[in-house]
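Undergrad: can't give you the sequence, but here's the structure:
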């Protein structure tokens with residue numbers, strides 16, 4: 001099994017590759033996400049390449065092998081299952097779970113992961129609305145749209161958040177936006193594309209363009 005650091009690299013590369021499909025991931029992009037030096041990234045990529053977990057050519061970017069992709073998805077699966085456990089069973093708020101799950105995702109026991117999934121009732125989504133990879137490495141892709149792409153008169157139900165930082169989640173709690181909330185766009189302000197929205201038919205709030213770009217809704 002890969003080390004904690006190697007798992008973090010594989011997870012970061014997977015997420016970056018999903019954000020820009022069809023293109024290799026850059027060394028600088030990995031360094032930015034992991035907050036480390038590009039030289040350190042280069043050393044780790046060389047090591048992971050020697051283990052057959054990624055394809056790496058200097059100056060050309062990185063892509064995961066099938067084995068590397070499966071290990072990345074397993075780490076993501078563990079992370080998101082632990083987030084569900086922390087919220088549903090231990091009473092954590094959704095803005096408190098990420099750092100704890102970052103530690104727990106490295107526990108090396110497939111049996112534990114399988115039992116945890118069963119104990120939680122085989123959840124499909126984590127507390128932030130992100131899909132949980134299946135045991136065989138499949139990643140479901142629920143259809144969704146960004147709130148920022150909606151026009152006045154359109155509506156949807158909040159299903160996921162793109163930004164999972166504690167400050168953003170605390171903001172959503174403050175304005176009363178939770179997963180499952182019904183959102184209807186009443187107006188889009190020409191000046192800055194901020195949105196006037198109705199939440200659950202009884203509350204009207206303003207959302208900045210940045211907030212709208214971090215909320216996903218489904219019909």
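TA: Right, received. Where do you want to start? The shown structure was predicted, so the numbers you read here are calculated from the model rather than taken from an experiment.
Undergrad: Residue 170: neighbour count?
TA: For residue 170, the neighbour count with other CB atoms under 10 Å is 13. Placement of C-beta: from N, CA and C, glycine included.
Undergrad: Per-residue pLDDT of the closest residue to it other than its chain neighbours, please?
TA: If the residues on either side of it in the chain are set aside, residue 170 comes closest to residue 95, at 5.3 Å by CB to CB, 6 or more residues apart in numbering. For residue 95, the pLDDT comes out at 97.
Undergrad: Check residue 177 too.
TA: Note for residue 177: predicted pLDDT of 96.
Undergrad: re the thing from before, pretty sure the residue nearest to residue 170 contacts residue 161?
TA: No: using CB atoms under 8 Å, residue 95 makes no contact with residue 161, being 10.4 Å away.
Undergrad: Any regions of the protein where pLDDT drops low?
TA: Scanning the chain for pLDDT under 70 picks out no residues.
Undergrad: returning to that earlier point: so for residue 95 and residue 161, which residues contact both of them?
TA: Residues within reach of residue 95 and of residue 161 at once, by CB atoms under 8 Å, 6 or more residues apart in numbering, are residue 169.
Undergrad: who's more crowded, these two?
TA: Set residue 95 next to residue 161 and count neighbours by other CB under 10 Å: residue 161 wins out with 21 against 18.
Undergrad: dump the residue contacts of the more buried one.
TA: 128, 129, 168, 169, 172, 179, 214, 215, 216.
Undergrad: Tell me how far it lies from residue 182.
TA: Separation of residue 161 from residue 182 (CB to CB, to the nearest Å) stands at 16 Å.
Undergrad: What about the contacts of residue 161, which one has the most neighbours?
TA: residue 215 (28 neighbours).
Undergrad: quick one: the residue nearest in space to the middle of the chain from residue 139, how far?
TA: Central residue of the chain (CA atoms, centre = their mean): residue 130, 5.6 Å from the mean position. Distance of residue 130 to residue 139, computed by CB to CB: 10 Å.
Undergrad: Show me the contact partners of stretch 10-19.
TA: 2, 23-25, 29-30, 33-34, 48, 53-54, 62-64, 68-69, 71-73, 75-76, 79.
Undergrad: mind listing what's buried in stretch 105-124?
TA: Using 16 or more other CB atoms under 10 Å as the test for burial, stretch 105-124 gives 105, 106, 113, 116, 117, 123.
Undergrad: got the contact list for the fourth one?
TA: Which is residue 116. Applying CB under 8 Å, 6+ apart, the residues near residue 116 are 81, 82, 85.
Undergrad: residues near residue 219, how many?
TA: Look at residue 219: counted by other CB under 10 Å, it has 10 neighbours.
Undergrad: Residue 149 now?
TA: Neighbour tally, residue 149, other CB under 10 Å: 11.
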